[in-house]
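Engineer: Give me a model of this one.
(4 chains)
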There are 2 protein chains.
Amino acid sequence: MTLPLPGNPVRGSRSGQPIMALFDLLGRSWAMGIVWNLSEGPYTFRELQERCESVSPTTLNVRLKELTGAKLIKRTIDGYCLTKLGKELFDLLKPLGKFAKGWSKKF
Amino acid sequence: MTLPLPGNPVRGSRSGQPIMALFDLLGRSWAMGIVWNLSEGPYTFRELQERCESVSPTTLNVRLKELTGAKLIKRTIDGYCLTKLGKELFDLLKPLGKFAKGWSKKF
DNA sequence: CATCCGTGCTACATATTACGTAGCGATGAT
DNA sequence: ATCATCGCTACGTAATATGTAGCACGGATG
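Structural biologist: A predicted model of the protein is given here:
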């Protein structure tokens, strides 16, 4: 699967609407989990692997390249971390944590 | 893949943290797109299919069952629509639309 | 009654994506 | 020189998604 970028046809949207491109990017295994984990600071490849318990290195690597290409994360000397844009995204994702806790009480 | 519910091991988290269960559920093809589309009112199966241009009936059906089981959507006489909980989730997702537009200008 | 239409799906073959495990090449410390 | 750790890559298998066809059902129409 090619990197979904807004303006281009992507999985889930032939029109390339920005929101659909974003959903395509984030709607892949571990994409949101990686952003979530990286909000706590830079982590190396192997640290991320541990934090994302069951992710395979193959998938992790693909996801990291996609998120880097999407300018949401970057690699530094200290490991991978969120870009400014990635932090903005995380701030929008953060309320989902609280929602998820309320949601979990329904079961 | 089984329905990810909080408290159970899910794809992406053996611990079953609510946020990871939610990410597992939403991190599947078209899950967020369906919630997004349903925010505009009830739609029948075929209407949803049209709005989610490239989704196969197989996948749509599986996703609808998962989201129903997760109490985020429900089926009514007028078609599928968001539950109260689903609307809450959509309200949290809504800001992503604006973010995505800004994001798309970076390319 | 028969026939047609739109509905919500299901079947099934193919394509894509993810996993699990092993291990490579590079770098740095002992 | 050896060892540990790093970021990955290879590769076979399993799980998911797609695309197309079409079925069973209910309601309207002739």
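Engineer: And for the residue nearest to residue A:39 when sequence neighbours are not counted, the neighbour number?
Structural biologist: Counting by CB to CB, 6 or more residues apart in numbering or on different chains, residue A:90 is the residue found nearest to residue A:39 once chain neighbours are left out, at 4.6 Å. C-betas here are computed from N, CA, C, even on glycine. The burial count assigned to residue A:90 is 17, neighbours taken as other CB atoms under 10 Å in any protein chain shown.
Engineer: next one: the one 5 residues further on
Structural biologist: The criterion is other CB under 10 Å. On that basis, residue A:95 has 13 neighbouring residues.
Engineer: how close does it sit to DNA strand D?
Structural biologist: 24 Å (CB to the nearest atom of the strand, to the nearest Å).
Engineer: before we move on, back to that, which helix or which strand is home to the residue nearest to residue A:39?
Structural biologist: Counting by DSSP states H and E, the element that carries residue A:90 is helix A:84-93.
Engineer: Show me what that helix packs onto, helices and strands only.
Structural biologist: When contacts are defined as 3 or more CB pairs under 8 Å, 6 or more residues apart in numbering or on different chains; DSSP states H and E, helix A:84-93 sits against helix A:31-38, helix B:95-104.
Engineer: Now that helix: buried residues?
Structural biologist: Within helix A:84-93, the residues that count as buried by 16 or more other CB atoms under 10 Å in any protein chain shown are A:85, A:86, A:89, A:90, A:93.
Engineer: do the same with stretch A:22-29
Structural biologist: Judged by neighbour count (16+ other CB under 10 Å), stretch A:22-29 contains these buried residues: A:22, A:23, A:24, A:25, A:26, A:27, A:28, A:29.
Engineer: residue contacts, the fourth one?
Structural biologist: Pointing back at residue A:25 there. A:3, A:4, A:31, A:66, A:67, A:70 (CB atoms under 8 Å, 6 or more residues apart in numbering or on different chains).
Engineer: Serialize those to TSV and add fields for distance to chain B.
Structural biologist: Below are these laid out as TSV (distance: CB to the nearest CB, whole Å):
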residue	distance to chain B
A:3	10
A:4	11
A:31	6
A:66	13
A:67	12
A:70	8
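Engineer: Would you reformat those residues as JSON lines and include neighbour count and secondary structure?
Structural biologist: Formatted as JSON lines, these follow (neighbours: other CB atoms under 10 Å in any protein chain shown; DSSP: H, G, I helix; E, B strand; the rest coil):
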{"residue": "A:3", "neighbour count": "16", "secondary structure": "coil"}
{"residue": "A:4", "neighbour count": "24", "secondary structure": "coil"}
{"residue": "A:31", "neighbour count": "22", "secondary structure": "helix"}
{"residue": "A:66", "neighbour count": "20", "secondary structure": "helix"}
{"residue": "A:67", "neighbour count": "26", "secondary structure": "helix"}
{"residue": "A:70", "neighbour count": "24", "secondary structure": "coil"}
